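Peer 1: pasting the sequence and the predicted model now:
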Amino acid sequence: MNATTTGTGTGTQIEIRGLHKAFGDLEVLRGIDITVARGEVVCVIGPSGSGKSTLLRCVNLLEEPTSGTVSVAGTEVTDPDVDIDRVRRRIGMVFQSFNLFPHLTVLENLTLAQRRVLRRGKAEAGRVARANLERVGLADKASAYPAQLSGGQQQRVAIARALSMDPELMLFDEPTSALDPELVGDVLAVMRSLAQEGMTMLVVTHEMSFAREVADRVVFMDGGVIVEEGPAARVVGDPQHERTRTFLARVLDPAAAPAPAPGDVAAAPAPAPGDVGKDG
Ligand SMILES: Nc1ncnc2c1ncn2[C@@H]1O[C@H](COP(=O)(O)OP(=O)(O)OP(=O)(O)O)[C@@H](O)[C@H]1O
Ligand SMILES: [Mg+2]
């Protein structure tokens, strides 16, 4: 296929080095380093405003980094001369909101970009679309309109749409957080099977059981920096930093933990590890 491994190592799908992103005076990412190997599933967790979405959006240049480098499958996307459309074609992205076209059927939603961007013919695009609907358990919904589907079904359509572009890696930004609790499981099951098929995935999620079961690594972000990262069992099961423990306590049992303080936002300076002695 392609042998472009510009010093990133053959197995590396995403390499983020020294990534900074500011919106005006607001420094949202303050030096992020992440490497995701081919076939690896990395979950990013952290409080609201910590920069998780911004991080994902920097990977396919929906946001332009202020400094640092991002490489995807050996292509540096932060290189000013990069053909970003070409890189984006290799990256599937699934957001919290499904962004399906309401006036198109499920099948048409899945074939549109295939035909326009990949220049596939109608028959081939339809075949790929149906195969991916099957993959997410919605083979019978090809002719339905988005409004006729549940939120969980719509999100699975959005995943099938991304898969129909044959991505080499997938970015997920809280794909289940807009769903009613009883619809979350079906979406996570699809993501779990993708992971088992060897898809490279960078997933922002609050689903700790998913992170624990599926992720090879978990990255905990707070205030625009990575506070802690490692195997899921360690970061979620036995966190080393007080900030990670406080966050997990809040996520795993919201009723038992204190609410975030008003100053607990991305703009707040990140204390050094070990700097946070008090709980609450
Ligand atoms: N386009 C933008 N312009 C200005 N500020 C922005 C922009 N996008 C994000 N921000 C700010 O950057 C910070 C980080 O936002 P981001 O969406 O990355 O956080 P997050 O970790 O994904 O939070 P959440 O868990 O709530 O989704 C926030 O303070 C947000 O207000
Ligand atoms: Mg977000």
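Peer 2: Right, received. Where do you want to start? None of the values given here were measured: they were computed from a predicted structure. Residues are numbered from 1 along each chain as shown. Ligands and ions are numbered 1, 2, ... in the order given.

Peer 1: is the strand or helix carrying residue 250 in proximity to ligand 1?
Peer 2: For residue 250, the host element (DSSP states H and E) is helix 242-252. No. Taking Cβ under 6 Å from any ligand atom as the criterion, helix 242-252 and ligand 1 are apart, separated by no less than 11.0 Å. Using the backbone N, CA and C atoms, a C-beta is placed for each residue, glycine as well.

Peer 1: next, the buried residues of that helix.
Peer 2: Counting neighbours by 16 or more other Cβ atoms under 10 Å, one finds that the buried residues in helix 242-252 are 242-248, 250-251.

Peer 1: what is the nearest of those to residue 22?
Peer 2: residue 243 (22.0 Å; Cβ to Cβ).

Peer 1: so which elements touch the helix holding residue 250?
Peer 2: helix 208-214, strand 217-222, strand 225-230 (3 or more Cβ pairs under 8 Å, 6 or more residues apart in numbering; DSSP states H and E).

Peer 1: redo that, cut-off 10 Å
Peer 2: Packing contacts for helix 242-252, counted by 3 or more Cβ pairs under 10 Å, 6 or more residues apart in numbering; DSSP states H and E, involve strand 41-45, helix 208-214, strand 217-222, strand 225-230, helix 232-237.

Peer 1: out of the ones you listed, deepest packed?
Peer 2: strand 41-45 (a mean of 26; mean count of other Cβ atoms under 10 Å).

Peer 1: and that one, average pLDDT?
Peer 2: Mean per-residue pLDDT for strand 41-45: 97.

Peer 1: what does the protein put close to ligand 1?
Peer 2: Counting by Cβ under 6 Å from any ligand atom, the residues of the chain close to ligand 1 are 23, 26, 28, 46, 48-54, 265-266.

Peer 1: and which of the residues you listed is nearest residue 118?
Peer 2: The closest of the residues of the chain next to ligand 1, once distances to residue 118 are taken by Cβ to Cβ, is residue 53, at 26.6 Å.

Peer 1: would you agree that closest one is in contact with residue 177?
Peer 2: No. Using Cβ atoms under 10 Å, residue 53 makes no contact with residue 177, being 11.2 Å away.

Peer 1: mutual contacts of these two, please.
Peer 2: 96, 204 (Cβ atoms under 10 Å, 6 or more residues apart in numbering).

Peer 1: settle it for me: which of the two has more neighbours?
Peer 2: residue 53 (19 against 13; other Cβ atoms under 10 Å).

Peer 1: quick one: that one is in a helix?
Peer 2: Yes. Per DSSP: H, G, I helix; E, B strand; the rest coil, residue 53 lies within a helix segment.

Peer 1: next one: it from residue 44, what distance?
Peer 2: As for residue 53, its distance to residue 44 is 10 Å (criterion: Cβ to Cβ, to the nearest Å).

Peer 1: what's near enough to touch residue 204?
Peer 2: 43-46, 50, 52-53, 55-56, 95-96, 171-175, 177, 219, 221.
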